[in-house]
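Engineer: Give the three-dimensional model of this entry:
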Amino acid sequence: MLVSGEAATPAASLRTGARRWIAALRAAGLTAGARLVVALPSGTPFVQVLVAALWEGVTLAPAAPGTDVASLLWTLDARAAVADTGGRHIWTPDGVAGPQGPLPSARRAAESPTEGSCLLLRTSGTAGPGRWIALSDANVFAVLDSHIPHLGLSEQACVLAGLPWHHAFGLVLELLPALLAGAEIVRVQDPRAPEALLAAFDAWAPTHFSAVPLTIRRLLQASGRARLHRLSGGVVGGAPIPADVAQGLSGSLLRVGYGQTEASPGIMLGEPGHFVPGYLGRPVGCAVRTDADDQLHFSGPNAHAGVWTQRHYRPTEAGRWVATGDRVRPASSTQAHGHLPKAILSPEETHPPGGSGAPAYVFDGRVSDSFKLSNGRFVHAGRTESALRDLVPGLLDALLCTLDGESLTLALLMKSGTAPPPLSALRTALGPLADRLGSVRVLTPATWVRHSKGTPDRAAIARALAAQE
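Structural biologist: Here you go, the predicted model:
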């Protein structure tokens, strides 16, 4: 059953609506590899269109509701789109009953079908310009096969769904596992509102919940810790785990997850209840390695099948190593294992997801976060910020930047009621960079601008710091 808003759709109705969408795809001549945009809210019609597209081998391109669908039809050279607002080549759902007819005609595609690619997913763009990543059936099932055994889902599970289903994390690691398990799915349309999430927790007593760290932080601040600790499972990912979130989730049955759209999206999983700042877990279903600059690469069946760019599909080479853009370091013994009570491990899980010999990793900043000063000195900002978060008590986040090209500005976000550390302590923590430290600013949560996943918006924070000069 899928519960969304006030409506509850049983499995039989999900199936009936999906079959009607299958008939519509066939009637419109959309065969395997034809590209279909869906820009619907995460709910019953979205699921029905998803099932129909997967069944027919159509390449589905999910987009956020409210997207300029007409423009996206051209960008992706798609045959048609499904959205709440109709138009030329745009189909609308008839509630949960299937498509609303008669359907507008499908457009003629100029490019060849992307046969073999079941999904075109847009990356979030928080670390650079967003791209449309093509995932094959093999990519998606590789991640499902490697991750589902660790998720603890069954027909008795109730999944509180708050992740956007047009992104890889929500679609592949929240929605598809729940559907395959036959679990009950309760959809919360606005997970940014902690009161809505808390009400859903109380009304449905979910067993599973996945989220980005920013959502977890909001729940913890709204006294939701006990509800999170009653869960039987879920994944927290999409951004590095900050100290306050790690503290709030330690000992729960949730686990950290790490990946990206290019990895379909799974690369690593942590152990249940094991949360330390920046922890990424151990590789699951793929191989990983680091280069001379500590950038993480992965290789395996989860590596994306291709990229859609400039209205053209470019397949990628199988067996390649894919650069993630993230710097990592091996987790220390305490970071990798901590002091976990055996009770938090599920009965079938007697060793970490990647195997007892698999290395565990900690996030050490983005490659793109690094910069040079005017004298040519290279600053690994992410690595330094990570070290500061480990060393400075009460520090929720840190951001190192330069406003003049000569000196460093350090912005701090402190835990409420915690005084900033003395300048001498910060200089010690900065090590060789201390001689370039020009100023230290303590910012308020309102000034600490974040992307939707919870990562700092470096450009916005730097602009705010410059405005204070």
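
Engineer: tell me the contacts of the residue positioned nearest the centre of the chain?
Structural biologist: Among the residues of the chain, the one closest to the centroid is G238, at 3.5 Å (Cα atoms, centre = their mean). G238 sits next to 169, 212-213, 453-454 when contact means Cβ atoms under 8 Å, 6 or more residues apart in numbering. (C-beta placed from N, C-alpha, C; glycine too.)

Engineer: Pairing partners for the longest strand along the chain, with directions?
Structural biologist: With residue count as the measure and DSSP state E as the assignment, the chain has strand 322-330 as its longest strand. Neighbouring strands of strand 322-330 in its sheet, by DSSP bridges, are strand 295-299 (antiparallel), strand 361-366 (antiparallel).

Engineer: what's the most buried one of these?
Structural biologist: A comparison of the strands paired with strand 322-330 by mean neighbour count, using mean count of other Cβ atoms under 10 Å, puts strand 361-366 on top with a mean of 22.

Engineer: which residue ranges form the strands in the stretch 351-469 of the chain?
Structural biologist: Using DSSP state E, counting those that start in this stretch, the strands of the stretch 351-469 of the chain run over 361-366, 371-372, 378-379, 395-401, 408-414, 437-442.

Engineer: Redo these as a markdown table? Include mean pLDDT and distance to L119.
Structural biologist: A markdown table is the format used below for these (pLDDT from 0 to 100; distance: least, Cβ to Cβ, whole Å):
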| stretch | mean pLDDT | distance to L119 |
| --- | --- | --- |
| strand 361-366 | 90 | 25 |
| strand 371-372 | 86 | 35 |
| strand 378-379 | 88 | 38 |
| strand 395-401 | 91 | 33 |
| strand 408-414 | 93 | 36 |
| strand 437-442 | 93 | 42 |
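
Engineer: What residues does the residue lying closest to D369 once chain neighbours are set aside make contact with?
Structural biologist: Among residues not flanking D369 along the chain, G382 sits closest, at 4.2 Å (Cβ to Cβ, 6 or more residues apart in numbering). Contacts for G382 (Cβ under 8 Å, 6+ apart) come out as 327, 364-366, 369-370.

Engineer: Which pair of these spans the longest distance?
Structural biologist: D364 and S370 (11.1 Å; Cβ to Cβ).

Engineer: what comes into contact with stretch 425-435?
Structural biologist: Against stretch 425-435 from outside (Cβ under 8 Å, 6+ apart): 379, 384, 387-388, 391-392, 400, 408, 410, 437, 440.

Engineer: What is the nearest of the residues you listed to R187?
Structural biologist: Distances from R187 to those, taken by Cβ to Cβ, are shortest for L388, at 38.6 Å.

Engineer: and the nearest residue to the closest one once chain neighbours are set aside, what does it touch?
Structural biologist: Nearest non-adjacent residue to L388, counting by Cβ to Cβ, 6+ apart: A398, 4.4 Å away. A398 is in contact with 384-385, 388-389, 392, 410-413, counting by Cβ under 8 Å, 6+ apart.

Engineer: Pick the one among the residues you listed closest to F201.
Structural biologist: Of the contacts of A398, the one sitting nearest to F201 (Cβ to Cβ) turns out to be L413, at 27.4 Å.

Engineer: mind listing what's buried in stretch 74-90?
Structural biologist: 75-83, 89-90 (16 or more other Cβ atoms under 10 Å).

Engineer: now stretch 367-375
Structural biologist: By neighbour count on 16+ other Cβ under 10 Å, the buried set for stretch 367-375 is 367, 369-371, 373.
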